[in-house]
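Trainee: Need coordinates for the below:
(chains A and B)
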Amino acid sequence: DAMVIQNPRYQVTQFGKPVTLSCSQTLNHNVMYWYQQKSSQAPKLLFHYYDKDFNNEADTPDNFQSRRPNTSFCFLDIRSPGLGDAAMYLCATSRGQDPTEQYFGPGTRLTVT
Amino acid sequence: ILNVEQSPQSLHVQEGDSTNFTCSFPSSNFYALHWYRWETAKSPEALFVMTLNGDEKKKGRISATLNTKEGYSYLYIKGSQPEDSATYLCAPRGGSNYKLTFGKGTLLTVNP
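Mentor: Model (predicted):
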């Protein structure tokens, strides 16, 4: 009965090789978020979708893009991963932009070799 | 950008001990504070959402208090169990901003 699903759980990619992480939800929430958590750091919001409206955080590198083809799915594309992009990537959802809580997936741990 | 501090960074306790940790945040423009528990290999799980100064929330052996005037929240665990081992994250929200700004978390290990 998983509500926010992330695939894969572990992803290894090569330096400079594009990689896509995926997130799906069964909650029918209209907001989806992507967070990056580097080792020993706080999770940091990269961007979010409110329905189809994309909202990028000011300090999110251009290397990171996102797609949301429908309500249930959201993708994080890293165009040219660098060693510094190795991190845990968390997807979350909420109902509206004034949520009582955000529901998280288990994350994808990305390794860049 | 909110400056969120959680202390301690990590904590080891024995089964049955009670423990508490702190989340500090800017007191100005406060809107809400979220607490999450994140067990290894699982999804972060929402524990509490707190909005009012003096608010106290309880879920089983876990409780939390909130002081918005001085900008801190305490999370208490009574009679810790090994299954309480997790990272506890707090995330305040400022004004009407939807954004959660997370702290680095407190890693709790409960030894049997």
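Trainee: From now on I want contacts and neighbour counts done on CA atoms only, so please keep to that.
Mentor: Will do.
Trainee: quick one: the strands in chain A?
Mentor: Listed in chain order, the strands of chain A (DSSP state E) span A:4-7, A:10-13, A:19-25, A:31-37, A:44-50, A:53-56, A:64-67, A:73-78, A:87-94, A:103-104, A:108-112.
Trainee: meant to ask about chain B
Mentor: With DSSP E, the ranges of strands along chain B come out as B:5-7, B:10-14, B:19-24, B:30-38, B:45-50, B:56-59, B:62-67, B:72-77, B:86-94, B:106-111.
Trainee: in stretch A:77-91, what's buried?
Mentor: A:77, A:78, A:81, A:82, A:85, A:86, A:87, A:88, A:89, A:90, A:91 (16 or more other Cα atoms under 10 Å in any protein chain shown).
Trainee: Count the neighbours of the closest residue to residue A:93 other than its chain neighbours for me.
Mentor: Nearest non-adjacent residue to residue A:93, counting by Cα to Cα, 6 or more residues apart in numbering or on different chains: residue A:32, 4.4 Å away. As a burial measure, the neighbour count of residue A:32 was computed by other Cα atoms under 10 Å in any protein chain shown and equals 30.
Trainee: quick one: which of the strands of chain A is nearest residue B:36?
Mentor: strand A:103-104 (10.1 Å; Cα to Cα).
Trainee: Would you mind pulling the contact partners of that closest one?
Mentor: Under the criterion Cα atoms under 8 Å, 6 or more residues apart in numbering or on different chains, residues A:3, A:4, A:90, A:91, A:92, A:93, A:94, B:43, B:44, B:45, B:46 lie in contact with strand A:103-104.
Trainee: try stretch A:64-80
Mentor: Here stretch A:64-80 has contacts from A:15-26, A:28-30, A:32, A:34, A:49, A:51-52, A:63, using Cα under 8 Å, 6+ apart.
Trainee: ok, the residue sitting nearest the centre point of chain A - contacts?
Mentor: For chain A, residue A:34 is the residue whose C-alpha lies nearest the centre (Cα atoms, centre = their mean; 3.1 Å). By Cα under 8 Å, 6+ apart, the contact set of residue A:34 is A:45, A:46, A:47, A:48, A:76, A:89, A:90, A:91, A:92.
Trainee: what sits against the last one?
Mentor: If you count contacts by Cα under 8 Å, 6+ apart, residue A:92 has them with A:4, A:32, A:33, A:34, A:35, A:102, A:103, A:104, A:105.
Trainee: hmm, 7 Å instead?
Mentor: With contacts taken as Cα atoms under 7 Å, 6 or more residues apart in numbering or on different chains, residue A:92 has the following neighbours: A:32, A:33, A:34, A:102, A:103, A:104, A:105.
Trainee: Which among the contacts of strand A:103-104 count as buried?
Mentor: If we count by 16+ other Cα under 10 Å, the contacts of strand A:103-104 have these buried: A:4, A:90, A:91, A:92, A:93, A:94, B:43, B:44, B:45, B:46.
Trainee: quick revisit: can you say which of the strands of chain B is nearest to residue A:10?
Mentor: Across these, the minimum distance to residue A:10, taken as Cα to Cα, is reached by strand B:30-38, at 17.4 Å.
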